[in-house]
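[1] Quick one, structure for this:
(2 chains)
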Protein chains: 2
Amino acid sequence: MQEKPLILVTNDDGITASGLRALSDVVRPMGNVIVIAPDKPQSGTSHAVTMHFPLRLTTIHKEVGFEKYSCNGTPADCIKLAYKVILGRKPDLLVSGINHGSNSSINIIYSGTMAAVFEGAMAGVPSIGFSLLNSSPNADFTASRIYAQQIIRTVLKQKLPKSTCLNVNIPHVPLDEIKGIRICRQSSGTWMEDFDIRKDPKGREYYWMKGTFSQAGEGEDTDEWALEHKYVSVVPANYDFTDYPAIKELKQWDFSS
Amino acid sequence: MQEKPLILVTNDDGITASGLRALSDVVRPMGNVIVIAPDKPQSGTSHAVTMHFPLRLTTIHKEVGFEKYSCNGTPADCIKLAYKVILGRKPDLLVSGINHGSNSSINIIYSGTMAAVFEGAMAGVPSIGFSLLNSSPNADFTASRIYAQQIIRTVLKQKLPKSTCLNVNIPHVPLDEIKGIRICRQSSGTWMEDFDIRKDPKGREYYWMKGTFSQAGEGEDTDEWALEHKYVSVVPANYDFTDYPAIKELKQWDFSS
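    Residues are numbered from 1 along each chain as shown, chains lettered A, B, ... in the order given. Model prediction:
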């Protein structure tokens, strides 16, 4: 009998998030499941790792085929700890989310959810991040569960290219309005930074980050287009930051003059 | 008379780091310089942004053509705050570093130094990160200063391609041993995660992240090769994570079965 796949589940919204529960529910029938997630919300922590204080692990739940742990670090810390301290090996699949809020477009660079996914890909583990375009703690994950199941099953059957992971975003509409899955590129939308400037009781200024997302409106092959048109967007992502087309141009430059 | 360029300087080692001072010294003759850096070390914070507490700015120094500020946030926070609260516009150049330690290969994904550089690139600002392969607080930046000056001057003259920024690493050898500048791609080396497992006085386990860098040894076009062979490595980098070659493959997948 073939051994069940070992599936690692994480997120950046923290161990109590309902999106994490939804994702665990989806994968439990598919294999042996280990959940490890931050003990508090870690949205926007990107690929931060903890070097200035030691990490702690707390066992939340343990039964045959299903274990849950929390960690006082970031999502990237969770994955590194899981490999080394909990599993003692690499898992067969890593899933992260379901994030409460979008990780499409440039949000991928700020995302703790996707940082965990990149940690998986770096270790050669098939890895997928899921995000729902609704940041409410009580968001409805019905449609997300169904699409997550489809995509995970497909990834377990197919072989993801080496170093490639998936950034999946799900529109916040009822299941019957979703038109299907689209393979996309990352749109080049960015955040227009802004700050709320306030004064504390001593009259000193402090700043709350806010900002509005600015879409580039670049056509039908982007994740933003897919999501606007009620498709689930799947962006194959890679942690190689090299701008290959620029290499040729820079090789013409004379640095000595 | 043409106005001097407005140059923004930052780092992730914090406002007191000698690498930051070295980089400010390099750019001061080239334009009006604003330094904004974290008030404490922020190595390994990657592209984290601060959303759970408000940000503060402290004015450290102000004279015509040269200002210094510290901020209680991450390098990415520093750049966003600088645009909106200090400068009121985008700078003409952004430089980050000189980092005390390598940001070659996969280190780019964990790097606060390079996160600030990506923030620059996203805003259309020519942006360069500099790192010296020595993490000592008292590292010798003599050679780094000279190569930083050459590279910055060249970037100010040439036009960087849209969305492209530079990740520059400098080998830790005497100036006369450096063989020159090489345009490279990011090597695919990764960290092999490991943890020091200790027990606190109450007998509870805690974990210190450590790890060893595993080089892939892939040939002469990578940054790791260049640095080993005493070249300054320049990797043109981009914040588009899309794995373009994988798009075609994934479009063949049947997600419905």
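
[2] For the helix or strand containing A:R182, name the packing helices and strands.
    Using DSSP states H and E, A:R182 maps to strand A:181-183. Applying 3 or more CB pairs under 8 Å, 6 or more residues apart in numbering or on different chains; DSSP states H and E, we find strand A:181-183 packed against helix A:142-157, strand A:232-237, helix B:244-251. Every residue, glycine included, has its C-beta placed from N, CA and C.

[3] does any bit of the strand or helix carrying A:S70 sit next to chain B?
    Per DSSP H and E, A:S70 falls inside strand A:66-71. No. Counting by CB under 8 Å from any CB of the partner chain, chain B has no neighbours in strand A:66-71; the shortest distance is 9.0 Å.

[4] ok, residues contacting that strand?
    Strand A:66-71 has contacts (CB atoms under 8 Å, 6 or more residues apart in numbering or on different chains) with A:14-15, A:24, A:28, A:32-39, A:55-62, A:77-78, A:81-82, A:86.

[5] swap the cut-off to 6 Å and go again
    Contacting residues not belonging to strand A:66-71 are listed as A:15, A:33-36, A:39, A:57-61, A:78, A:81 [CB atoms under 6 Å, 6 or more residues apart in numbering or on different chains].

[6] Are there helices or strands packed against the helix or strand following that strand, and which ones?
    Proceeding N to C from strand A:66-71, the next assigned helix or strand is helix A:75-81, under DSSP H and E. Applying 3 or more CB pairs under 6 Å, 6 or more residues apart in numbering or on different chains; DSSP states H and E, one finds that helix A:75-81 contacts helix A:112-122.

[7] now the helix or strand that the helix it packs on is followed by, how far from the centre of its chain.
    Tracing the chain C-terminally past helix A:112-122 and defining elements by DSSP H and E, one meets strand A:127-132 next. In this view, strand A:127-132 has its centroid 5 Å away from the chain centroid, taken as CA atoms, centre = their mean, to the nearest Å.

[8] Quick one: mean pLDDT for the strand holding A:S70?
    For strand A:66-71, mean pLDDT is 98.

[9] Sheet-wise, list the partners of that strand with their directions.
    strand A:32-38 (parallel), strand A:57-63 (antiparallel) (DSSP bridges).

[10] could you dump those strands to a markdown table with mean neighbour count, mean pLDDT and distance to A:V125?
    Formatted as a markdown table, the strands paired with strand A:66-71 follow (neighbours: other CB atoms under 10 Å in any protein chain shown; pLDDT from 0 to 100; distance: least, CB to CB, whole Å):
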| stretch | mean neighbour count | mean pLDDT | distance to A:V125 |
| --- | --- | --- | --- |
| strand A:32-38 | 24 | 98 | 12 |
| strand A:57-63 | 12 | 96 | 20 |
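
[11] With distance to A:T45 as extra columns, can I get those in CSV?
    Shown next, in CSV, are the strands paired with strand A:66-71 (distance: least, CB to CB, whole Å):
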stretch, distance to A:T45
strand A:32-38, 8
strand A:57-63, 18
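
[12] Among the ones you listed, which comes closest to B:T154?
    Among the strands paired with strand A:66-71, the nearest to B:T154 by CB to CB is strand A:32-38 (42.5 Å).

[13] The closest one to helix A:112-122, inter-axis angle?
    Relative orientation of strand A:32-38 and helix A:112-122, computed by axes from the mean of the first three to the mean of the last three CA atoms, to 10 degrees: 130 degrees.

[14] Centre of the chain to strand A:32-38, how far?
    The answer for strand A:32-38 is 14 Å, by CA atoms, centre = their mean.
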